[in-house]
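Asks: sequence and predicted structure, then a few things I'm wondering about:
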Amino acid sequence: MAASENTSITLLERIRDPGNQDAWERFAAFCQPVICRYARQLGCNPGMCQDVVQETLVDLIRIMATFRYDPAHGRFRSFLYQIVRRRVCNAWRRQARYRMLDPSDLAAHAAAPEPRLDSWETEWQRQVAIEALERLRQRVEATSFEAFHADIVLGEPVASICARLDLQPNAFYQ
């Protein structure tokens, strides 16, 4: 996926072919962490999260063959959110069928937040940032990346970074 705010239109075209394994692997590698983190926010355990991911991807394989992306109708990630949200609800319904209701579950369920688009957006943006950092890591020297990560991501003071990495401050800013 392109490390941008928008889903790669080229990749969306490529995953229309269910046999394009490279495209599907790339798409799944990007989306799986987003889906899992979102499902975890909605209280799913790791097993439920994996089910949600698999069911979402199966839905997409079926849908994408005839899918036509039109930005005028909204973002792809909003479309995907609807599928994931439905799959999380289905996972909870299945879970409820196979266990006895515990009164403590009622309180937890009542306090559980309603699935929200803003938390989905946050997870999507987090994954875009993770992918961008990984691409940057592959393109720059290890010391440069470590200095960047410590400064921008971790907020470490420049003096501390320079001392730890044996850099002069003027070299840090170049």
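Replies: Happy to help now that I have it. Not measured: the values here are computed from a predicted model.
Asks: show me the helices in this structure, by range?
Replies: Under the criterion DSSP state H, helices of the chain are mapped to 9-14, 21-41, 46-64, 76-97, 103-111, 117-139, 142-148, 158-165, 169-172.
Asks: tabulate the ones you listed in a markdown table, adding columns for distance to D70, mean neighbour count and mean pLDDT.
Replies: The way it works is simple: take the backbone N, C-alpha and C, and place the C-beta from them, glycine included. Putting the helices of the chain into a markdown table (distance: least, CB to CB, whole Å; neighbours: other CB atoms under 10 Å; pLDDT from 0 to 100) gives the following:
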| stretch | distance to D70 | mean neighbour count | mean pLDDT |
| --- | --- | --- | --- |
| helix 9-14 | 11 | 15 | 88 |
| helix 21-41 | 19 | 18 | 93 |
| helix 46-64 | 14 | 17 | 93 |
| helix 76-97 | 10 | 16 | 88 |
| helix 103-111 | 37 | 9 | 54 |
| helix 117-139 | 19 | 15 | 85 |
| helix 142-148 | 37 | 15 | 87 |
| helix 158-165 | 46 | 14 | 88 |
| helix 169-172 | 46 | 12 | 83 |
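Asks: got phi/psi on G155?
Replies: phi 70, psi 30 (degrees, to the nearest 10).
Asks: got a list of what it touches?
Replies: Shown in contact with G155 (CB atoms under 8 Å, 6 or more residues apart in numbering): no residues.
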